[in-house]
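Asks: curious how this folds, go ahead:
(one chain, ligands or ions: 1)
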Amino acid sequence: MKIGIAGVGRMGAAIATRLAACGHAVAVWNRTPAKAKALEASGVSVAATPRDLASASEIVISMLTDAAAIDWTYRGADGLLAGEVRGKLFIEMSTVRPEVEKALAASVSAKGAALIECPVGGTVGPAKEGKLFGFVGGNAADVERARPILNEMCRRVEHVGTIGAGASVKLAINLPLLVYYQALGEALSLCRSVDVDPQRMIDIFADSSGGPNMLKVRGAAIAATLQGKETTPVTFDVDLIRKDLRTMLEEAAGLGVRMPLTASALQRYDEAAGNGIGKSDATMLPAYWLKHSRM
Ligand SMILES: NC(=O)c1ccc[n+]([C@@H]2O[C@H](COP(=O)([O-])OP(=O)(O)OC[C@H]3O[C@@H](n4cnc5c(N)ncnc54)[C@H](OP(=O)(O)O)[C@@H]3O)[C@@H](O)[C@H]2O)c1
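Replies: Numbering: from 1, shown residues only. Presented below is the predicted three-dimensional model:
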């Protein structure tokens, strides 16, 4: 299958290498061309514009930061929708509000093409291994058409409703996790005086009601940051967490619901970014908080 991928940041690049390894003819486009060029070694070709990418592909995947990036990449003068795209299938995977996906589906449909959304759970490692969790929204026939590719990217694919439903579920899934990083920092500040090394303490959390699933996967990295080490490579940075939390709060305001914990977590991470860790990995947040928690 000829697959185009627009946006090869951390997640898009991992998905591109995964789909190339599955035997597809993968082409990529990225706003910053060097990131696309770096993928040529994995057998991936590079398109000069989103428009060229769409015209060379049967299925087009987009994995971009936010709504502004989607707007530019799809609707720009040389955007994905600028050329002839009748009959093509688009799979939009960014973490954005449901209304962004709904508006995009209408733009795509006006060009005679189809769009489903598949925002994902899981980070760069699972993306490389095809072990993401896909929260899919779209009409059933389009989802079935996309399913073979979704199954190559994801360990589990949940079709949760029409377009926008996937975005709602994705924002909801991320919320407890993102608030948790701050909760863990605060929890650890209660046992500063306990003489247990960080690796063991994180293991205690991970094996009890003090830890979500994430701790089983990222616990070792968090423990290392508590011993003063930096997490590299960065897979999910603090600025992306802030973008996700802002998106959740905008969505909550639109729905007329209050989310005080989420708002408070965003304030803490804005402060952390102000102190220079916006581009650091999320696993740095509990250690950051231990350094900054004193009244
Ligand atoms: N990282 C994770 O663990 C993770 C997990 C699940 C979901 N997500 C979601 O997946 C999406 C991508 O995340 P990521 O970690 O891959 O981020 P990333 O490494 O920062 O990549 C972002 C991509 O969006 C592009 N972009 C940003 N603004 C743009 C604009 N105005 N016009 C065109 N392209 C633009 C970037 O292009 P440049 O290279 O030119 O900047 C890059 O290709 C986000 O919505 C994120 O919330 C991330």
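Asks: all contacts plus neighbour counts: C-alpha atoms, from now on.
Replies: Will do.
Asks: who touches the helix or strand that contains residue 52?
Replies: Assessed by DSSP states H and E, residue 52 sits inside helix 50-56. Contacts to helix 50-56, defined as C-alpha atoms under 8 Å, 6 or more residues apart in numbering, come from residues 2, 4-6, 27-29, 47, 60, 73-74, 78-85.
Asks: which residues are in contact with the residue of the stretch 101-250 of the chain found nearest the ligand?
Replies: Per C-alpha to the nearest ligand atom, residue 123 is where the stretch 101-250 of the chain lies closest to the ligand, at 3.6 Å. By C-alpha under 8 Å, 6+ apart, the residues touching residue 123 are 11, 132, 235-236.
Asks: what does residue 211 give?
Replies: Taking C-alpha under 8 Å, 6+ apart, one finds residue 205 in contact with residue 211.
Asks: repeat for residue 28
Replies: 4-8, 16, 36, 44-47, 53.
Asks: buried ones in the longest strand anywhere in the chain?
Replies: Taking DSSP state E as the criterion, the chain has its longest strand at strand 154-161. Neighbour-count burial for strand 154-161 flags 154, 156-157, 159-160 (criterion: 16 or more other C-alpha atoms under 10 Å).
Asks: got it, and stretch 161-180?
Replies: By neighbour count with 16+ other C-alpha under 10 Å, stretch 161-180 contains the buried residues 162-171, 174-175, 178-180.
Asks: what do you get for stretch 138-146?
Replies: 138, 142-143, 146.
Asks: quick one: which of those residues is nearest to residue 286?
Replies: residue 138 (37.2 Å; C-alpha to C-alpha).
Asks: please enumerate the helices of the stretch 101-250 of the chain.
Replies: In the stretch 101-250 of the chain, the helices defined using DSSP state H, counting those that start in this stretch lie at 124-129, 140-153, 165-190, 198-206, 213-226, 238-255.
Asks: out of those helices, the one nearest residue 90 is which?
Replies: Residue 90 lies closest to helix 140-153 among the helices of the stretch 101-250 of the chain, at 8.9 Å (C-alpha to C-alpha).
Asks: that closest one and the ligand in contact?
Replies: No. Judged by C-alpha under 6 Å from any ligand atom, helix 140-153 makes no contact with the ligand; its nearest approach is 12.4 Å.
Asks: hang on, the earlier thing: filter the contacts of helix 50-56 by proximity to the ligand?
Replies: Restricting these to those near the ligand by C-alpha under 6 Å from any ligand atom leaves residue 73.
Asks: now the buried members of the contacts of helix 50-56.
Replies: Buried members of the contacts of helix 50-56, counted by 16+ other C-alpha under 10 Å: 4-6, 27-29, 47, 60, 73-74, 78-83, 85.
Asks: just these: which are in helices?
Replies: 73-74 (DSSP state H).
Asks: now, the buried ones among the contacts of helix 50-56 that are in strands?
Replies: Using DSSP E, the subset of the buried ones among the contacts of helix 50-56 located in strands is 4-6, 27-29, 60.
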